[in-house]
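Visitor: Coordinates for the following, if possible.
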Amino acid sequence: MKTEAFVDKHLAYVKEYGVLGGFRGSIAHGMYVPSSNHNSIDDKDLMYVIVPGVENYFGISTWGSRGTKEHMVDEYDVVVYELRKFMGLLAKGNPNVICMLWMKENMYTLMTEAGEMLIENRDIFSSRAMYHSFVGYAYSQFQRMTKFKFEGYMGEKRKALVDKFGYDCKNAAHLIRLLRMGSEFLLEGVLHVERPDAKQLLEIKKGKWSIEKVKIEAERLFARIEASYDKSSLPAEPNYDKINELCVEICRMRMC
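Guide: Alright, predicted model coming up:
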């Protein structure tokens, strides 16, 4: 099923209220392993941002679960954020969310004037504080990779791969990617979502690196991102005043 047809069938409210949408995760990073590969454990991950009806802002109604809805249908894994929730996550430097403002044009499945405004103003979310988000997420992947415990998020195929290689290769690939992306961003102020190192990251994801090699590279990258933080010329914090102004402007635009 094409993405447009999937949205039409399962996410009609996104077409009505949507601001911005696109692929996230492995597809956006150039690391997607299609389902035709018998070792594939990848979903087609999508993210959408919406400004729902006015009653969700001025009435007692609330949208989703604290501003979030998730849908898993067939091979699609979709997360939808209400605008204020989305912008709050951007301000915190959430690595999964900030990628939505730095993707290649062909990765977007929904673009509106409000979505363009978010992308045009993406630098107001940039700060050295993103170091803590990237390192925190990377450390979480490191723990999952090395716990040797089958978690609830794993399907049978993923568990089989952990058995085969002795560690969670997908977590390992995320770990290395996050540390590299975070370090680059701190030094350049640019988030390279489509990975120039995708070929190597796919090698890790497919179990072609030993766990010892992954750990050595991770140790090197943890040290590098700390050094990048010290050298970074980004502001200490995001521009909260401008973030708030932009949020108000987009809400007014979409409701009027």
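
Visitor: contacts and neighbour counts: CA atoms only from here.
Guide: Fine.

Visitor: Got the phi and psi for Ser61?
Guide: phi -70, psi 150 (degrees, to the nearest 10).

Visitor: I'd assumed Glu55 was in contact with it.
Guide: Yes. At 6.2 Å, Ser61 and Glu55 qualify as touching, with contact defined as CA atoms under 8 Å.

Visitor: Give me the most central residue, the protein.
Guide: Asn96 (1.9 Å; CA atoms, centre = their mean).

Visitor: Next up, the contacts around it.
Guide: Arg24, Gly25 (CA atoms under 8 Å, 6 or more residues apart in numbering).

Visitor: That one belongs to a strand?
Guide: No. Counting by DSSP: H, G, I helix; E, B strand; the rest coil, Asn96 falls outside a strand, being helix.

Visitor: Tell me where the protein has strands.
Guide: 18-23, 44-50, 68-73, 76-82, 108-111 (DSSP state E).

Visitor: Next, the buried residues of the last one.
Guide: Right, the one you point to is strand 108-111. Using 16 or more other CA atoms under 10 Å as the test for burial, strand 108-111 gives Tyr108, Thr109, Leu110.

Visitor: just to revisit the earlier point, looking at the strands of the chain, which has the lowest confidence?
Guide: Lowest mean pLDDT within the strands of the chain: strand 68-73, a mean of 92.

Visitor: which residues are contacting it?
Guide: With contacts defined as CA under 8 Å, 6+ apart, strand 68-73 is touched by Asp77, Val78, Val79, Val80, Tyr81, Glu82, Lys85.

Visitor: can you pull the contacts of the spatially closest residue to Met253 that is not a sequence neighbour?
Guide: Spatial nearest neighbour of Met253, excluding adjacent residues (CA to CA, 6 or more residues apart in numbering): Ala114 at 7.8 Å. For Ala114, the contact set (CA under 8 Å, 6+ apart) comprises Val19, Leu20, Ile250, Met253, Arg254.

Visitor: Of the buried residues of strand 108-111, which is the nearest to Lys147?
Guide: Closest approach to Lys147 among those (CA to CA): Tyr108, at 35.2 Å.

Visitor: I figured that closest one hits Val19, correct?
Guide: No. Using CA under 8 Å, Tyr108 makes no contact with Val19, being 11.2 Å away.

Visitor: What distance do you get for Arg158 to Gly67?
Guide: From Arg158 across to Gly67, the span is 30 Å (CA to CA, to the nearest Å).

Visitor: More neighbours: those two, which one.
Guide: Arg158 (19 against 16; other CA atoms under 10 Å).

Visitor: list the contacts for that one?
Guide: Contacts of Arg158 (CA under 8 Å, 6+ apart): Ile41, Asp168.
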